[in-house]
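Q: I'll drop the sequence and a predicted model, then ask my questions.
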Amino acid sequence: MAQITIKGVKKNYAKTAVIHGVDVNIEAGEFVVILGPSGCGKSTLLRMIAGLEEITEGEIAIGGTVVNKLEPRERGCAMVFQNYALYPHMTVRKNIGYALKVAKVPKAERDARVMKVAQSVSLEPFLDRRPGELSGGQRQRVAMARAMVREPKVFLFDEPFSNLDAKLRVAMRSEVRRLHRDLGVTSVFVTHDQIEAMTLADKLIIMNAGKVEQIGKPTEVYNNPASRFVADFIGSPAMNLFEGEFDAEGHFVHGAGGRMNVSQLNGVRQPGRKVVLGVRPEGVRRTGADTHGAIPAVVDYVEELGASRLIHADANGSRIVALDNDSAELKSGTPVHLSLADSALHLFSLEDGRRISH
Amino acid sequence: MAQITIKGVKKNYAKTAVIHGVDVNIEAGEFVVILGPSGCGKSTLLRMIAGLEEITEGEIAIGGTVVNKLEPRERGCAMVFQNYALYPHMTVRKNIGYALKVAKVPKAERDARVMKVAQSVSLEPFLDRRPGELSGGQRQRVAMARAMVREPKVFLFDEPFSNLDAKLRVAMRSEVRRLHRDLGVTSVFVTHDQIEAMTLADKLIIMNAGKVEQIGKPTEVYNNPASRFVADFIGSPAMNLFEGEFDAEGHFVHGAGGRMNVSQLNGVRQPGRKVVLGVRPEGVRRTGADTHGAIPAVVDYVEELGASRLIHADANGSRIVALDNDSAELKSGTPVHLSLADSALHLFSLEDGRRISH
Amino acid sequence: ATKFEFWYGLSGDLSERIQDMCKTFNESQSDYEIVCVSQDNYDNNLQNTIAAFRANKQPTVTQIFDAGTLDLMLSDAFVPVRQLMEENGYKIDWANYFAGVGSYYSTSTGELLSMPFNSSTAQIYYNTDALAKVGFEGIPETWSQVEDVARKMKAAGYDCPVAFDPAGAWQWFEQFEAIHNQPIATLGNGFSGLNAEMVVSKGKFVDQLTWIKKMYDEGLFVHKSKDAGETANDAFVNGKCQITSSSVADHGTFGKQAKEGVHWTNAMLPMLDGFERHNSFVGGASLWTLKGKSAEEYKGAAAFYNFLATPEQTQWWSTVTGYIPVTNSGFEAMKAAGFYDAAPYKGRELAIKSLTMPAGENTRGIRLGNYASIRAEMVKTIQSVLFNNVPVQQALEEFDAKGNEILRRFEATYAGKNLL
Amino acid sequence: MIERSPFFDFITYLAMAFGALVVVIPFWITLVAGSQSLQEVSQVPISLLPSSHLFENLAAAWTRGDLGPKLINSFIVAIGVTVGKITLASLSAFAIVFFSFKARMICFWLIFITLMLPLEVRIVPTYSIAANALLPFQVILDTLGITGLVQAVSGVQIALNWNLLNSYTGLILPLVATATGTFLYRQFFMTIPDELVEASKMDGAHPLEFFFDVLLPLSRTNMLALATIMFVSSWNQYLWPLLITTDRANFGTVVMQLKALIPAQNGTPDWNVTMAGALIIMLPPLLVVAFMQRWFVRGLISRDK
Amino acid sequence: MERRAYYRNGWMPWLLLAPQLILVLVFFYWPTTQALYWAFSLEQPWGGGNTWVGFDNFLAIFRDREYWGTVLRSAFYAIVSTGLSMAVALTLAAFVDRSLKGTRIFQSIYVWPYAIAAPAAGVAFRFIFAPESGLIGSVNQIWPGIWDPATNGIHALAMVIVCHAWLGIGYNFIFFLAALQMIPRSISEAGAMDGARPFQRLIDLQLPLIAPTAFFLLIMNLISSFTDSFGLIDVMTEGGPIGQTEVMVYKIYFDGFKGLDYSGAAAQSIVLMLLVIGLTFVQFKWVERRVHYN
Ligand SMILES: Nc1ncnc2c1ncn2[C@@H]1O[C@H](COP(=O)(O)OP(=O)(O)OP(=O)(O)O)[C@@H](O)[C@H]1O
Ligand SMILES: Nc1ncnc2c1ncn2[C@@H]1O[C@H](COP(=O)(O)OP(=O)(O)OP(=O)(O)O)[C@@H](O)[C@H]1O
Ligand SMILES: O=P(O)(O)OC[C@H](O)CO
Ligand SMILES: [Mg+2]
Ligand SMILES: [Mg+2]
C-alpha cells in the first residue's frame, strides 16, 4: 500500500510527444481507473509507473520515493497485462511462483505462498496445467495471482479484461473488486471500457490525447463532465450534444433553425454566445405536443434494447436520441414531441470544450 | 431480394456433429439476426448458406432454388467477414471492384458501379488507399461496399463489428440499418452481441449448441424467452435466475431456505415442483421492510452505471441483482428489502429448461 | 574437317605444350581438327572420362596415367591402338618402342592397347652448390650417401636438406620397389592375374620407410607439400631445399624455374647398399582411344597418333618437356644429335638409362585394379608414419590389407573377366 | 528493452562489436591479402592493412580463373534456379495448401522428404540420371511393354534420351527440384487467413485468379526472401557443377574455379591472386544478401498471428 | 486448427504439382532408387554391368575401421561446428534483440556469412590458418611448429570446423533473432516486473520459448554438417592429412568418384541417408509434440 505521486510527467517517443504533462495524486489504498480512447496514452502512463518506459520529464514517486531511475523490480509494483503475458512454458504453479523464485524465496515458503494465492482466486485445481490449457478467465486469474503473490505495494492493470467475453468480464470485474477490498493495495487500472471504469473506480481519471481531462469520482464525472470530450465519452448511449447559440430571447438555436426553450440555463444565456448543449438520452422524454417547451421531432429509427428502447430522431436538423420505455411501435417518419429534463442540461464552450457552470 | 429456406440442415465435421438440424424460413427482404454464444454454430450455418461449407444433411434454398450443390459464386450471396478479409495489397477501389473484374464487367461500368457504391458509404476520398491505411470503421465500410457492389440477392454478415470499438459499433449499426432500409436485400447477420441483435433484427434466431432455441421478434424474445438459456442469454445485466421449488403453501423456496411470495404464478405452483424462477434486474426494486412479500437481502456491492446502478445482494444464499436509481450510498453489508415486479416473472422447467407458461 | 576431342591430365606449363602440339597437328593437315581439353590432372581426367563415357559424351582420345592402366584394360571401353592403326592403314613399327614402355600398355600376349605418349620415370635432384659446400665429390648413389650428405648439409646450416612430399608415393615408394626388384604385389605386381596380393609389408620398403621416418624426425627430410604451403619442387627450385625426388618430366620445368644462383643436377634414384639396380617403372601416361565414336573420328585419332610417332614430333615433345622419347630410334637420333651433351638437356638421358636397366620379375610395371586408390592409401600410410608415429611395420601391414581389399573388390566387380 | 543501464548497454555494444569482428575478419583478410603484392602476402605475420595491388590481383585472378565467362555462367545458373524454383514452388505449395484432394499429404511428403536428403548424399546415382534425364520414363515404358509394342507395330524403337551433362539445363533443373522453396511457400501460405480465400470465393474468383490476384502479390516479401536464398545457394553450389560439367571451359561456374585459383602444385604461392579471385566470387551473393537483407529477414519472420 | 478454405477441384492440383513432382521423381527418387540398387550390387565403373551381392557392400563398410572413423569424425564435426555456430549466433541475436541504437548495422553484418560459398570461405580460412603465413601463422613465429594443419589432423579438423561454424552464423542468427522477436514483448516485461534480470530472463523465459527454433536449427545444422562439409574440405584439406578430415560425404565422393567404387559409395550414401532421415524424423516427432503454447 503506497501513495503514488505523478508530477508534471511527460513522455516523448523520439520527437513525438505522447504525454504532455500529467499531474495525478493517488492515495494509498485507492483504486484508480484511467479511462480514455485508444491511443490517448493510458498504457504509456501506466508503464512509466511500472518502470517499463522511461520518463521523459517530470517525476513519479511511489510511497514517497522518486522512482524515475529505478528498475521495474525495485519499484514494488505488480502488473497484470492486457494479454496476460503468462509464461507459456511454465505451469500455473511456476508462473505464479516465478517472482518468488527470482527473489530466492525458499522453496517451502514459496510453495505455501503460491498455494495461498491460488486458493484465493480458486486456481488450485489448475496448478499443474500450462496456460495454453486454460480458458480465458482462468488465464486472467493466473495473471492476477502472479501479481498478488509478491504482495506488492501497487497493482497495475493494463486493460486486463479486454480479451474476455462480456459475461466473463462482468465476473472478473467483481473478482477484482473483491481482491481490492480484501488486500487494500493501491491499484491503477487502465481501460477504455467505461462500464468497467464506472463500476470499479474510487477515482476516475479521464485522459485524452496525452492530457488529463478530468479526475473525480465516477458519479461526479458522469454527472458533471468537465468538458465536452468527457460528456461525449462517458455514458452509453452517448449524451446528445447540440452545437448552437442563444438568440436574443434566450432560446437555444441549433441545427436548421431548431429552437429550444432552456430557461433553466438562466444566467449564461448571453445572446450570440456559441455553446454546446448536452443532455443525456435518459434526460430526453416523449411528451405531448402541448407540453411547454416540447421539441417537435421526426423519428428516424428505434433501437430496441429489451427493457427499453432508444428513439433516434431528427429535431430540426439535429440528431437527438431519447430513452423510452413505452413499447408502442414507432415507425420511421412518425412525428413526436420531446422534452428535456430540467436538471440534466450540460453546457460547454464551443471554443475550448470546457464546461460552463450554471 | 430472395427468400431463404433452411430445411433440416445438419453439419458434421468428421465425426463431430456441429449443427443438429436447423429449420428456418427467412422472408425476402427480411433482416435476420442469428445470436448465440461462441461455438454454437452461427458461423457454420451462415457459411453453409454462403456455400463455403458443405451441407452434411438437409437442404438450403435461396429464392426457391436448392443451392446445396452450387459454388459460392453461383448463389448470389455477398458476405461481410468478421475481420473484413480485405485484400491487403489492393486499393479500396480494386477491393470493391474485384468481384466485378472477375465477372468480366467492362472497366467503364465497373468504375461507375464502384464509384456509386463508394459514395453511398462515403468512401470516395479513400478509393486509392490500401486497407492498411484505413481506420477500423473505414475498413468495415469497404467490406460492406465490396458486398454491395455485386448487387446480391442476399447479404451475409459474420460478426462484422466485433473488431470495432464501442462508439464505432453504434455508428456502424445505424449504417447497416440504413443500408437495409435503402436496398431491402434479404440479410442474415451473425453476432454474439445482444445489443446488436436486439437493435438490428426484424427476426431474431437464438442458437445454442447447434440447435435453434427460439425464433421471434426481438421484443418477443426479450419478453417471453422460450427457455432458461434464452432468458439467461438475453438482457444485460442478466436476468436473475433462482433454482428452487414450491412448498406446500405455494411459496417459492430457494437457496439456503429463502422463501418468496409468488402468488401471481398461481396455477403452476404444484408443491414440490422443481423450477427456475427468473426476474430481470429491472423487475427487482428496493422497497420498505413492511411491503408485502418483501425479500430481505444483504448488499454485497453496488455497481455504478452512471444513470443508474446495480445492487448485487445476497438473499438467503441466492445472489440477486436489482436495478436502482437512488443515489444514496449503499455500503457492503447493508440490509435491504427487495420486491419483485408482478408482471416480470418467468418460470422454466428445471429439467429441460423450457418455459412454463402461466 | 572432322573434329574430335582429346582430353588430357596435365596443367600449367605442360598443358601449354600440349596446346602447341595440337596446333601443330591442326596446321599440319586439313582433314581433322583436334580439340584438346585439359582436365587439370590425371585423376580428374580418368574420372571425367569415365563419367563422360557413361553419359556417351566421351572424347575420342584420352590420356590415362600409369595407375589407371588396368582400369582401362578391363573397361571394354576402348579400341586397341594397334587395331586402330591397322584399320586406318598406318604402319607403325611397334618394336621400335622401348620394351619397358610397350609392355606396360600391352596385353600379356603383347598386344599394345594404348598409344605410348608422355613417358617418364623418377629421378633424384641435387643442388650441386650444396653438395660442394659439404664437400661431397660427385653425386650420391646410395641412400646411405644421401643420409650422410643430408646430415652434413644440416650441420652446414641448411634448414632443409631433403624436400619430402608424402604425396610422391610414385617416386619414393613405387620406383624404390622397382629398382630394387621388390614386389608390390604377387603375380609380378598383378601382371599374371587379378588375384594378386599386396606384399609391401614383407619387403625392403619396410626398412626404407623406417629410414625415411628417421630422417624426418631428425629434420633431414622436411615435409613440403601443397598443404604445407610450398611444394617440394618449389622448395627445391627456390634453393630452400637441396635435394628432392621427382619425375624427369619436371626436368624442363626446373630448368625454367630455378632461381638465379641455384645450380642443380639430376641422377638416377639412389640404391640401398648391396642391391643390384633394376629398371625403374615407366611413368607418365598413354593415349587411349575410346569406343563409341564415328569412323571419321577414329581416322582422325589414327592420324594424330601417326603424327605423334614421327621422329620430329617425338623429339620436339621430348625437348620442350622432360618426357623421354618413347622409341629407340628417337632416342638414338637425339643422342646422335648431341642433345644430351649440354645444358639444359644434359641429364635427361639418365631417365632412359634408368628405364633400360636389367629387368626383374617385379619391374615390368604395376597391373593392379583401381591402383590410384592404392596409391592414395600409400600416401596416407607414409603420412601416418611421419606425422602420427604409427610403427612402420604395422602401417605397412595395414596398407597391404587395405590394398587387398581394393583388389578383391575390383576382382569381384569384374568377376568372370580375365586379364588381357 | 527494459533495462537501460549505461553499463549494460556498453556490454551489449562490446559483444556486438566483437561479433562483428568475428564475422568481418575473414572478409577483411580476403580483401587485405587480395590487395597485397606477392612479397607482402608472403610476410609473416601478414600486415592487416590493405595495400595497393588490388586491381592487378583482380586482373590476374580474372584471367587465371577465366572468371568472365564463369561469372556469366554462374549468373545464368543462379537466376535460372531462382526463377525456376519460385515458379515451381509457388505452384506446388498452392496446390498443397489450398486444394483438398486425397493424395494431398502424400504429395507433400513426397516433396518434403527431398529436403532431408541433399544432393551431396546421392551424388553418384544422380550423376547417371543427368546423363539421361528421360531414363526413368524409358524404363517405365519398357517395363510396361510399350516400347516393345510400339516397335512391333511401327518398327520405331522408342529411345528417350536427354543428356544434361555440360548444359545449363543440367546445372539448373536438379537444383530446382528440391523442396526448400515449396516448404517456405507452404509455411507462408498457411498464414494467409481463411477469410481471404473465402472472400475471393464469394467474389466469384477462380482458384487461379485467387493465386495470381491475391496470393502472389501478397507473397512478395517471401518471394524476395526465397529469391535471396535461392540465388545465394545456387551461386554457391560446388559439388553439383563440379560433377555435371566435364566441359569446364564452357559450363564451369565461378565457385568451381576456386580450386583453380589456389596456388598450384608447382606454382608460386601467390595467395594474393587467390584471395582477389575469392573476392570476385564472393561479391555477387554478398551484394544480393546485403541488399536484400531487410526483406530477407522480414520474409523469414512471417509472424503468424 | 485445420484450414478449411479448400478448393475442391479434381485435376487442377495435379496440374499444379506436376512439374515439381516430375522433377522430384527424376532427380530424387530415381537416383535414390538406383543408389539403392547399386548398394546391393557391384557396379562396374565404366558401366559395363553389375552383379548382385546382397548386403556385402554394407558388411564391407561396416567392417572397415576407417569407415567408422569417418562416422565418428562426422559426428564430432557435426556436434562441435553446430554447437559453436549456434552459441555464437544465439549470443549475438540475444544482444541484437535489445535493439539499442545502431543495432541494425550489426544485424546486417551478421547475416553476411550466409552469402558466402563454403569453398570461398574455405579458401579464405585456409589462408588465415596457413601455418607459414596468414594470421594464425604468426603463432609459429613465437612457438615454432605449434600450429600445423598440414601434418596435424587435429589442427586441420579444427580449422575446417571453425570455418564451418563461421559459415553457419548468418543463418542461425537470422532464425534466432526471428524467434526472439516473435516472443511477445510483454513476456519479458512480465519477467522484469517479477524481478528477473536480463540474463535470468534469457535462461528462464526466452530460451524455453525459442526452443522449437533452436531445435529446428540444431537439426538443420547437424544435417548441413553432414552434407555441406564437402566443398569446405575439398578446398581446405582434401580430407588430409592422413584422412583425418575425411567426413562421411567426402568419403562418399572420394570412394565413388576418385576411387571408382560406385557400389561402396552408394552403400555409404544409403547409410548417410538413413542417418539424415533419422535426424529429420526426430525433429518432426519433436516438433509435433512440441508444446503448443497458445
Ligand atoms: N514505442 C513507441 N514509439 C512511438 N510511439 C508510440 C510507442 N508506443 C506508443 N506510442 C504512441 O503513443 C501513443 C499512446 O500510446 P498508448 O499505448 O499509451 O495508448 P493507450 O491509451 O494505451 O491506447 P490503447 O487503448 O489502444 O491501448 C499512441 O499514439 C501510440 O501510437
Ligand atoms: N473445421 C472445423 N473442424 C472441426 N470443428 C469445427 C470446424 N469449424 C468449426 N468447428 C466447430 O464447430 C462449432 C461451431 O463453430 P462456429 O464457428 O460455427 O461457431 P460460432 O457460433 O460462429 O462461434 P463464434 O461466435 O466463436 O464465432 C465449434 O464448436 C467449432 O469448434
Ligand atoms: O609426372 P609424370 O607425368 O611423370 O607422371 C608421374 C606418375 O607416373 C603419375 O602416375
Ligand atoms: Mg494500451
Ligand atoms: Mg463465428
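A: Okay, I see it. Ligands and ions are numbered 1, 2, ... in the order given.

Q: What residues are recorded as beta-bridge partners of residue A:204?
A: residue A:33, residue A:216 (DSSP bridges).

Q: close to chain E, is stretch D:130-146?
A: Yes. Stretch D:130-146 reaches chain E (Cβ under 8 Å from any Cβ of the partner chain) through D:133, D:135, D:136. C-betas here are computed from N, CA, C, even on glycine.

Q: Single out the residue in the stretch 51-200 of chain A that lies closest to chain C.
A: residue A:89 (48.4 Å; Cβ to the nearest Cβ).

Q: so the residue nearest to that residue when sequence neighbours are not counted is in which element?
A: Excluding its sequence neighbours, the residue lying closest to residue A:89 (Cβ to Cβ, 6 or more residues apart in numbering or on different chains) is residue E:208, at 4.3 Å. Per DSSP states H and E, residue E:208 falls inside helix E:207-209.

Q: that older thread, out of the residues of stretch D:130-146 next to chain E, list just those in helices.
A: Among the residues of stretch D:130-146 next to chain E, the ones falling in helices (DSSP state H) are D:135, D:136.

Q: Neighbour count and pLDDT added to the residues of stretch D:130-146 next to chain E, as CSV?
A: Listed next are these as CSV, based on neighbours: other Cβ atoms under 10 Å in any protein chain shown; pLDDT from 0 to 100:
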residue, neighbour count, pLDDT
D:133, 21, 79
D:135, 18, 79
D:136, 20, 80
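
Q: Please render the residues of stretch D:130-146 next to chain E as TSV that adds distance to ligand 1 to the earlier fields.
A: As requested, these are exported to TSV (distance: Cβ to the nearest ligand atom, whole Å):
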residue	distance to ligand 1
D:133	56
D:135	61
D:136	58
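
Q: tell me which of the residues of stretch D:130-146 next to chain E is nearest to residue E:127?
A: Proximity of those to residue E:127 (Cβ to Cβ) peaks at residue D:133, which lies at 39.2 Å.

Q: Where do the helices of chain A begin and end?
A: Using DSSP H, the helices of chain A run over residues A:42-50, A:92-102, A:107-120, A:136-149, A:166-183, A:194-200, A:218-223, A:228-233.

Q: To residue D:66, which of these lies closest?
A: The nearest among these, by Cβ to Cβ, is helix A:42-50 at 62.4 Å.

Q: ok, is the closest one in contact with chain D or not?
A: No. Residues of helix A:42-50 contacting chain D under Cβ under 8 Å from any Cβ: none, with a closest distance of 9.8 Å.

Q: Averaged pLDDT, that helix. What do you get?
A: Confidence for helix A:42-50, expressed as mean pLDDT, is 93.

Q: need the contact list for the most centrally placed residue in chain C.
A: What sits nearest the mean C-alpha location of chain C, by Cα atoms, centre = their mean, is residue C:283, with 2.4 Å. With contacts defined as Cβ atoms under 8 Å, 6 or more residues apart in numbering or on different chains, residue C:283 is in contact with C:65, C:66, C:119, C:120, C:121, C:122, C:170, C:175, C:247, C:249.

Q: Which one of the residues you listed is nearest to residue B:140?
A: Minimum distance to residue B:140 across these is 79.6 Å, recorded for residue C:65 (Cβ to Cβ).

Q: quick one: the closest residue to that closest one other than its chain neighbours from ligand 1, how far?
A: Nearest non-adjacent residue to residue C:65, counting by Cβ to Cβ, 6+ apart: residue C:42, 3.8 Å away. Relative to ligand 1, residue C:42 is positioned 67 Å away (Cβ to the nearest ligand atom, to the nearest Å).

Q: swap in residue E:204?
A: Relative to ligand 1, residue E:204 is positioned 25 Å away (Cβ to the nearest ligand atom).

Q: Nearest residue to that residue in space, please, no chain neighbours.
A: Of all residues not flanking residue E:204 in the chain, residue E:196 sits nearest, at 6.3 Å (Cβ to Cβ, 6+ apart).

Q: Same question for residue E:153.
A: Spatially, and ignoring its direct neighbours in sequence, residue E:153 is nearest to residue E:244 (2.6 Å; Cβ to Cβ, 6+ apart).

Q: Confirm that that neighbour sits in a strand.
A: No. Read with DSSP: H, G, I helix; E, B strand; the rest coil, residue E:244 is coil and lies in no strand.

Q: Who are the contact partners of it?
A: E:73, E:153, E:154, E:156, E:157.

Q: quick one on the thing from earlier: what about the residue nearest to residue A:89, how many residues nearby?
A: Residue E:208 has 16 neighbouring residues, counting by other Cβ atoms under 10 Å in any protein chain shown.

Q: Make sure it is actually in contact with residue A:130.
A: No. Here residue E:208 does not reach residue A:130: they are 11.5 Å apart, not a contact under Cβ atoms under 8 Å.

Q: Make sure residue E:240 is actually in contact with residue E:156.
A: Yes. Contact criterion Cβ under 8 Å: residue E:240 and residue E:156 qualify, at 7.1 Å.

Q: re the thing from before, now do the helix holding residue E:208, average pLDDT.
A: Mean predicted confidence for helix E:207-209 is 88.

Q: can you list contacts of it?
A: A:88, A:89, E:179, E:183, E:187, E:214, E:293.

Q: so what are the domain limits for the chain?
A: Just so you know, I chose chain A. Following automatic domain parsing, chain A resolves into domains at A:4-226, A:240-349.

Q: other chain: chain E
A: Chain E resolves into domains spanning E:1-39, E:56-290 when parsed by automatic domain parsing.

Q: which neighbours do residue E:208 and residue A:130 share?
A: Both residue E:208 and residue A:130 are contacted by residue A:89, under the criterion Cβ under 8 Å, 6+ apart.

Q: which stretch in the domains of chain E has the least confidence?
A: domain E:1-39 (a mean of 83).

Q: Give me the contact status of that one with chain A.
A: No. Applying Cβ under 8 Å from any Cβ, one finds domain E:1-39 separated from chain A by no less than 13.8 Å.

Q: quick one: that domain near chain C?
A: No. If you take Cβ under 8 Å from any Cβ as the test, domain E:1-39 misses chain C, and the best it gets is 11.4 Å.

Q: lowest average confidence, helix or strand, in the chain?
A: Unless you meant another one, I'm taking chain A. Sorted by mean pLDDT, DSSP states H and E, the helices and strands of chain A end with strand A:258-260, the least confident at a mean of 81.

Q: nope, chain D
A: The weakest-scoring helix or strand in chain D, judged by mean pLDDT, DSSP H and E, is helix D:123-131 (a mean of 74).

Q: Restrict it to CA atoms and write it as CSV.
A: Extracted as CSV, the C-alpha positions of helix D:123-131 are listed here (Å, rounded to 0.1, in the frame of the first residue of the first chain):
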residue,chain,number,x,y,z
ILE,D,123,25.9,-37.7,-55.7
VAL,D,124,26.8,-40.9,-57.5
PRO,D,125,23.4,-42.0,-58.7
THR,D,126,22.2,-38.5,-59.5
TYR,D,127,25.1,-38.3,-61.9
SER,D,128,23.8,-41.1,-64.1
ILE,D,129,20.4,-39.5,-64.3
ALA,D,130,22.0,-36.4,-65.5
ALA,D,131,23.4,-38.4,-68.4
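
Q: does chain C sit close to it?
A: Yes. Against chain C, helix D:123-131 shows contacts by Cβ under 8 Å from any Cβ at D:127, D:128, D:130, D:131.

Q: Could you do stretch D:271-281 as well?
A: No. Stretch D:271-281 stays clear of chain C (Cβ under 8 Å from any Cβ), getting no nearer than 9.0 Å.
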